[in-house]
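Chemist: Sequence and predicted model, in that order:
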Amino acid sequence: MKNKILITGGAGFIGSNYVELIIENAEDQIYVLDNLTYAGSLKNLEAVSHFTNYNFIKGDICDEALIDSLFKEHQFNKVVHFAAESHVDNSITGPGAFIQTNIVGTFNLLHSAYRLWMNDPNQLKEEYKDARFLHVSTDEVYGTLGEKGFFLESTPYAPNSPYSASKASSDFIVRSYFHTYGMPVVTTNCSNNYGAHQHKEKLIPTIIRKAISGQEIPIYGNGKNIRDWIYVTDHCRGIKLVLEEGKLGETYNIGGRNERENLYIAYTICDLLDKLVPNKTPYRDQMAFVQDRAGHDFRYAIDADKIESELGWKADENFESGILKTIEWYLENKDQL
């Protein structure tokens, strides 16, 4: 049986990159479900729109009746669940949407898959014996780190923002469907992604946009907050590998081993722009420190040893190679800034 793969949030940043990665396997039918809110755009899917195995459905994962009807109509046997409210700043000003989409939406998908794939708890239907539900999550569920240490799959959850709390809740619901019903689920928790198609509000596109438009480049607090960065294509390859080979019920951390301070990120982008699109004055001169974000976690860093040792994954890009590709892409696609 060829796969019928539902990709939720497939018009968003990571989702659209994942669609591009897998679309060329003509045996599989790809169904992208996206509500096309601020984070999703059909422009992100233009590169795949001519493929005959590509199908787009506009819809909201919070619409339980719609989700149930789609599972019945299309008989999905694989789900890769990206759809989420993911902008931390927005979760501070409007947490309600995060609770609905990230928690209730995830439940709707899980329960519709359960009804289609299983006769009873721990009884997969024969035709769905190879079914898989992959839930894409974040390292932010683990909270914050001090100057040392790494997030492991066994790290206790300690979310600090409404965004990370809603993602932690969804992770637990996915876990419960494995332990209670025997659902064939796997979860990935990733570090900070960057690359083509990222929403313009995010850190790296914001720095690029502000720099080339001559505006002030805002740096939260003292700029010393540290994130572990992963190039989006590397992340997508990891997701594909976990979907195909990951052990059911398990969680896999996917990180690029590229810890960088926010200040370093800004300096690096400015210095590369000095070479690529020289200005009269250095782009660094536009940087300005602004009031820190409420509840701003100090450091995230992932230990990706499990996916590296058990599944053979590793990141192809380091931050310096990936950020150059990213800047070049945005300079060629300024309408995405």
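Modeler: Nice, I can see it.

Chemist: Does Gln29 touch Asn3 like I think?
Modeler: Yes: in this structure, Gln29 sits in contact with Asn3. The criterion is Cβ atoms under 8 Å, and the distance is 7.2 Å. Any C-beta I mention is one placed from the backbone N, CA and C, and that applies to glycine too.

Chemist: Now for the closest residue to Phe289 other than its chain neighbours, how many residues are close by?
Modeler: Setting aside the residues directly before and after it, Phe289 is nearest to Ile219 in space (Cβ to Cβ, 6 or more residues apart in numbering), at 5.1 Å. The number of residues packed near Ile219 is 21, by other Cβ atoms under 10 Å.

Chemist: Distance-wise, check Ile219 relative to Gln291.
Modeler: Ile219 sits 11 Å away from Gln291, taking Cβ to Cβ, to the nearest Å as the criterion.

Chemist: The residue nearest to Phe289: what secondary structure?
Modeler: Here Ile219 is strand, with the state taken from DSSP: H, G, I helix; E, B strand; the rest coil.

Chemist: how about whichever strand or helix holds Asn90: buried residues?
Modeler: Of the helices and strands defined by DSSP states H and E, Asn90 is found in helix 88-93. Neighbour counts using 16 or more other Cβ atoms under 10 Å place 88, 90-91 of helix 88-93 among the buried residues.

Chemist: surely the residue nearest to Phe289 meets Val290?
Modeler: Yes: with the criterion set as Cβ under 8 Å, Ile219 and Val290 qualify as a contacting pair; they are 6.7 Å apart.

Chemist: tell me the contacts of the closest residue to Leu273 other than its chain neighbours?
Modeler: Spatial nearest neighbour of Leu273, excluding adjacent residues (Cβ to Cβ, 6+ apart): Tyr283 at 5.0 Å. When contacts are counted by Cβ atoms under 8 Å, 6 or more residues apart in numbering, Tyr283 touches 211, 217, 269-271, 273-274.

Chemist: burial measure for the closest residue to Ile22 other than its chain neighbours, as a count.
Modeler: Closest residue to Ile22 in three dimensions, ignoring its sequence neighbours and counting by Cβ to Cβ, 6+ apart: Lys240, at 6.3 Å. The criterion is other Cβ under 10 Å. On that basis, Lys240 has 16 neighbouring residues.

Chemist: from here on, count from 27
Modeler: With 27 as the first residue, the last one maps to Lys266.

Chemist: where's Lys266, which helix or strand?
Modeler: Lys266 is part of helix 258-271, with elements assigned from DSSP H and E.

Chemist: Touching that helix from outside, list them.
Modeler: Residues lying outside helix 258-271 but in contact with it, judged by Cβ under 8 Å, 6+ apart, are 39-40, 43-44, 47-48, 104, 106, 158, 160, 162, 212, 214, 216, 219-224, 278, 280, 282, 333, 337-339, 341-343, 348.

Chemist: Could you list which of those residues belong to helices?
Modeler: For the contacts of helix 258-271, the ones inside helices are 39-40, 43-44, 47-48, 333, 337, 348, with DSSP state H as the criterion.

Chemist: Could you check the pLDDT of Glu334?
Modeler: At Glu334, the model reports a pLDDT of 98.

Chemist: Show me where the stretch 227-363 of the chain has its strands.
Modeler: Ranges of strands in the stretch 227-363 of the chain, per DSSP state E, counting those that start in this stretch, are 243-246, 252-257, 277-280, 285-287, 313-316.

Chemist: now those as TSV including mean pLDDT?
Modeler: Formatted as TSV, the strands of the stretch 227-363 of the chain follow (pLDDT from 0 to 100):
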stretch	mean pLDDT
strand 243-246	95
strand 252-257	96
strand 277-280	98
strand 285-287	96
strand 313-316	96
